[in-house]
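[1] Make a model of this:
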Amino acid sequence: EVQLVESGGGLVQPGGSLRLSCAASGFTFSKSSYDMSWYRQAPGKEREFAAAITGAGSTTTYANVVAGRFTISKDNAKNTVYLQMNSLKPEDTAVYYCKARVWIGGPGDYWGQGTLVTVSS
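    Reported below is the predicted structural model:
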């Protein structure tokens, strides 16, 4: 069973930084076909894409609103994906979710429980 556990959220001042982690289990980064993404959902808004990284080749993609400030990366040895967030703004306040698309037989999407990031002075 694929499981994703996010951590690293919290309260940070505008201009500050946070690093989110997403620990994956149920599949192995170095032996599986998968893509990993971060999404976020602000209060009263729909969930939106933030960043993604491919399992093979580690190609990254970013939403325009976070490009240049956020960096997605992964550690195959730890089966973990990270989201480094710099120059945070109040509008980055949201619950951040990790998503895995894993090909086991066919493609399946899996979500973590989310971690809250609050950017406020």
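[2] So for residue 74, what's the nearest residue that isn't a sequence neighbour?
    What sits nearest to residue 74 in space, not counting adjacent residues and going by C-beta to C-beta, 6 or more residues apart in numbering, is residue 81, at 4.7 Å. C-beta here means a position set from N, CA and C on the backbone, and glycine is covered the same way.
[3] what about the one you found, which SS state?
    strand (DSSP: H, G, I helix; E, B strand; the rest coil).
[4] OK, contacts around it?
    Neighbouring residues of residue 81 by C-beta atoms under 8 Å, 6 or more residues apart in numbering: 21-22, 24, 36, 38, 53, 72-75, 98.
[5] What subset of the residues you listed is buried?
    The neighbour-count test (16 or more other C-beta atoms under 10 Å) marks 21-22, 24, 36, 38, 53, 72, 74, 98 as buried among these.
[6] And the residues you listed, which is closest to residue 121?
    residue 38 (24.3 Å; C-beta to C-beta).
[7] In the beta-sheet assignment, what are the partners of the closest one?
    residue 51, residue 98 (DSSP bridges).
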